[in-house]
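Student: The amino acid sequence is not available; the structure is as follows:
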């Protein structure tokens, strides 16, 4: 790879959302300190705008239970219903994307049931797409989260091996279902790491033939246009503006206009300037309510110890994406620092159920149990 890999989590459409977890884990040891006094977040409001989208109702914990219980048909029925709803109305697309987030974790215990599911359902695209998500997550785990100059050839090779397997699954899923948008997204993610932007655009165009007004289909691609991947802010801005001709069909597309400032914000974070990052994330939010912008800005407030200011951002992010693991972890930390122990414990427990391999969430469950016993 000729570009630096940002220190991010591995969610396909929003990988930066986990960038603050390491910071939070280090800060956990200081849980007994008092949080500094802070004013209420001036940009907070009761409920975030949904742009006509249906609320996310996917229960990812339940999907994981069904997978482990080998109730594959139930999962396929559920996901196929999400696809049908999305095809009927783009404002239903969030449940489709969220359902596949279930498998975007690197829990070693999932590989065997995913393999069995593929074997038991040879004519279904769903298990192939689900396993593709998992294989990409394993690829990022093999690579590590450091920048390219601190990543070994062996780590890159490990990532590529997992990605090759994910590519096979994605192509097989598309062959069975040419409307499998998630599988196109998986191929876009792989092409990004191969510095093949031309192929990314070809794949996106195929997605947009299926769902021309989709916001979710566009988010992976616009992040691929960031300078760290060989693109530019002009390219990101032009792509966002190009989508605005469809804003009358899907008002959520206006959020794409905030992605340049979002990327500038995470660059400022990587450069060690959280104050500048907050300004960029706040500017991104002038284009509308996006869970990703709220979550990352909340994480920045956590870093500068403005926990009470951070909490409204996490509330709005989770109102839009109730089971996002990294946001749950970040809110758990903020709640802990303002002595909301029960709420912090609830967030940590849910995050642990959603991603049992997440070491931070698992450690927090144990630590918070000990704190509750002391009270």
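Tutor: Everything's here; your move. Fair warning: this is a prediction, and the values are worked out from it, not measured in the lab.

Student: quick one: what helix or strand has the nearest residue to residue 133 once chain neighbours are set aside in it?
Tutor: In this structure, residue 133 finds its nearest non-sequential neighbour in residue 103, 4.1 Å apart by Cβ to Cβ, 6 or more residues apart in numbering. All C-beta atoms are positioned from the backbone trio N, CA, C, and that covers glycine. Assigned by DSSP states H and E, residue 103 falls within no helix or strand.

Student: Residue 103: neighbour count?
Tutor: 25 (other Cβ atoms under 10 Å).

Student: List the contacts of it.
Tutor: Contacts for residue 103 (Cβ atoms under 8 Å, 6 or more residues apart in numbering) come out as 110, 114, 130-131, 133-134, 137.

Student: which among the residues you listed gets closest to residue 80?
Tutor: residue 130 (12.4 Å; Cβ to Cβ).

Student: so the closest one makes contact with residue 115?
Tutor: No. In this structure, residue 130 is not within contact of residue 115 by Cβ atoms under 8 Å, at 11.0 Å.

Student: Of those two, which one has the most company?
Tutor: Just comparing residue 130 and residue 115: by other Cβ under 10 Å the higher neighbour count belongs to residue 130, 29 against 13.

Student: Tally up the residues packed near residue 113, please.
Tutor: Residues near residue 113, counting by other Cβ under 10 Å: 19.

Student: which stretches of the stretch 251-375 of the chain have low pLDDT?
Tutor: For the stretch 251-375 of the chain, the stretches with pLDDT under 70 are 369, 371-375.

Student: Quick check: the residue nearest to residue 133 vs residue 359, distance?
Tutor: The gap separating residue 103 from residue 359 is 19 Å, by Cβ to Cβ, to the nearest Å.

Student: One more: residue 335?
Tutor: For residue 335, the distance to residue 359 equals 20 Å [Cβ to Cβ].

Student: Looking at those two, which one has more neighbours?
Tutor: For the pair residue 335 and residue 359, the greater number of neighbours falls to residue 335 (23 against 11), based on other Cβ under 10 Å.

Student: Can you name the residues that contact that one?
Tutor: 311, 341, 343-344, 347.

Student: Can I get these in TSV including neighbour count?
Tutor: Below are those laid out as TSV (neighbours: other Cβ atoms under 10 Å):
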residue	neighbour count
311	25
341	16
343	16
344	26
347	27
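
Student: Identify the farthest-apart pair in those residues.
Tutor: Checking the contacts of residue 335 with Cβ to Cβ, the most distant pair is 311 and 341, at 14.3 Å.

Student: any idea where the helices of the stretch 201-350 of the chain begin and end?
Tutor: Secondary structure of the stretch 201-350 of the chain by DSSP state H, counting those that start in this stretch: the helices cover 216-224, 233-243, 259-270, 274-284, 291-303, 307-320, 325-337, 341-354.

Student: could you check the angle helix 274-284 makes with the fifth one?
Tutor: By that I understand helix 291-303. For helix 291-303 against helix 274-284, the angle by axes from the mean of the first three to the mean of the last three Cα atoms, to 10 degrees is 160 degrees.

Student: now for helix 291-303, which elements pack on it?
Tutor: Packing contacts for helix 291-303, counted by 3 or more Cβ pairs under 8 Å, 6 or more residues apart in numbering; DSSP states H and E, involve helix 21-27, helix 259-270, helix 274-284, helix 307-320, helix 325-337.

Student: Is it possible to get TSV of those that adds distance to residue 148?
Tutor: Listed next are these as TSV, based on distance: least, Cβ to Cβ, whole Å:
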stretch	distance to residue 148
helix 21-27	18
helix 259-270	13
helix 274-284	22
helix 307-320	29
helix 325-337	23
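
Student: Out of those, which gets nearest to residue 204?
Tutor: helix 259-270 (14.5 Å).

Student: Quick one: residues in contact with the closest one.
Tutor: By Cβ under 8 Å, 6+ apart, helix 259-270 touches 6-7, 16, 19-20, 219, 222-223, 226-228, 233, 236-237, 240, 274, 276-281, 283-284, 292-293, 296-297, 300.

Student: State which helix of this protein is the longest.
Tutor: Of all segments of type helix in the chain, defined using DSSP state H, the longest is helix 153-176.

Student: Average pLDDT for that helix, rounded please.
Tutor: Helix 153-176 shows a mean pLDDT of 95.

Student: The following helix or strand past it vs helix 153-176, what angle?
Tutor: Once the chain leaves helix 153-176, the next helix or strand it forms, by DSSP H and E, is helix 181-193. On the basis of the same axes, to 10 degrees, helix 181-193 is oriented at 150 degrees to helix 153-176.

Student: Can you tell me what sits against helix 181-193?
Tutor: Contacts for helix 181-193 (Cβ under 8 Å, 6+ apart): 1, 12-13, 86, 96-97, 100, 125, 128-129, 132-133, 136, 159-160, 163, 166-167, 169-171, 173-174, 177, 197, 199-200, 203-204, 206-207, 210-211, 214, 216-217, 220-221, 224, 229.

Student: what pLDDT, on average, does it get?
Tutor: The model assigns helix 181-193 a mean pLDDT of 93.

Student: Show me what counts as buried in it.
Tutor: Neighbour-count burial for helix 181-193 flags 181-193 (criterion: 16 or more other Cβ atoms under 10 Å).

Student: relative to helix 216-224, how tilted is that helix?
Tutor: 10 degrees.
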